[in-house]
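Enquirer: Give me a 3D structure for the following:
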Amino acid sequence: MPRKKSVEPAHSFGHRLAAMRQTAGLSQRQLAKQTGISQRMIAYYEGRAALPPGHVLTVLAEALGTSVDQLAGTKPLRPVAEGRSHPRLWQRFRQIEKLPMRERKELFSVIDAYLERHRLAQMAKAS
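Expert: Numbering: from 1, shown residues only. All right, here's what the predicted structure looks like:
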């Protein structure tokens, strides 16, 4: 017989963790890889109301770009900061930062070319 999932209130730790992970544009697997915590444990914590051990809270908060207080629910969540409205874009920037300098320069030259093309198209439209 399948186990029933416990339904936690919307303000539970698990709900906050899942919401923050999704806001950051991360899957459970991606968060697991980023933190070194298994995907199975991420899913487990998302299904619980109770807080995980302190060292786990610290790692999760750092990976999600928040404070332990906000993740634990002792302080209200900050509104999404400007520039963080597209979490997948910021996730890609973090990945780009890990590339070797030569590859980053090549990638930036391609991005710059697209931005310049867009700028010129906007100028032509305005004239």
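
Enquirer: only C-alpha atoms for contact and neighbour calcs from this point on.
Expert: Noted.

Enquirer: Arg104 versus the residue nearest in space to the middle of the chain, what's the distance?
Expert: For the chain, Ala24 is the residue whose C-alpha lies nearest the centre (C-alpha atoms, centre = their mean; 2.4 Å). Here the criterion is C-alpha to C-alpha, to the nearest Å. By it, Ala24 lies 23 Å from Arg104.

Enquirer: just His11 next, same as before
Expert: 41 Å.

Enquirer: One more: Tyr114?
Expert: Relative to Arg104, and taking C-alpha to C-alpha, Tyr114 is found at 15 Å.

Enquirer: on that earlier part again, neighbour-wise, which of His11 and Arg104 wins?
Expert: Applying other C-alpha atoms under 10 Å to His11 and Arg104 shows that Arg104 carries more neighbours, namely 14 against 11.

Enquirer: What score does the more buried one have for pLDDT?
Expert: The score at Arg104 is 90. That number is its pLDDT.

Enquirer: Give me the phi and psi for it.
Expert: phi -60, psi -40 (degrees, to the nearest 10).

Enquirer: What separation is there between the residue lying closest to it once chain neighbours are set aside and Trp90?
Expert: Once flanking residues are discounted, Arg104 sits nearest to Ile96: 6.6 Å by C-alpha to C-alpha, 6 or more residues apart in numbering. Distance from Ile96 to Trp90, counting by C-alpha to C-alpha: 10 Å.

Enquirer: swap in Gln39?
Expert: 22 Å.

Enquirer: Domain parsing of this structure, as residue ranges.
Expert: When the chain is parsed with automatic domain parsing, its domains come out as 1-78, 89-127.

Enquirer: Return the most buried member of those.
Expert: domain 1-78 (a mean of 16; mean count of other C-alpha atoms under 10 Å).

Enquirer: Report the rounded mean pLDDT for that one.
Expert: 84.

Enquirer: That one: how far from the chain's middle?
Expert: From the chain centre to the centre of domain 1-78 is a distance of 11 Å (C-alpha atoms, centre = their mean, to the nearest Å).

Enquirer: All set now, cheers.
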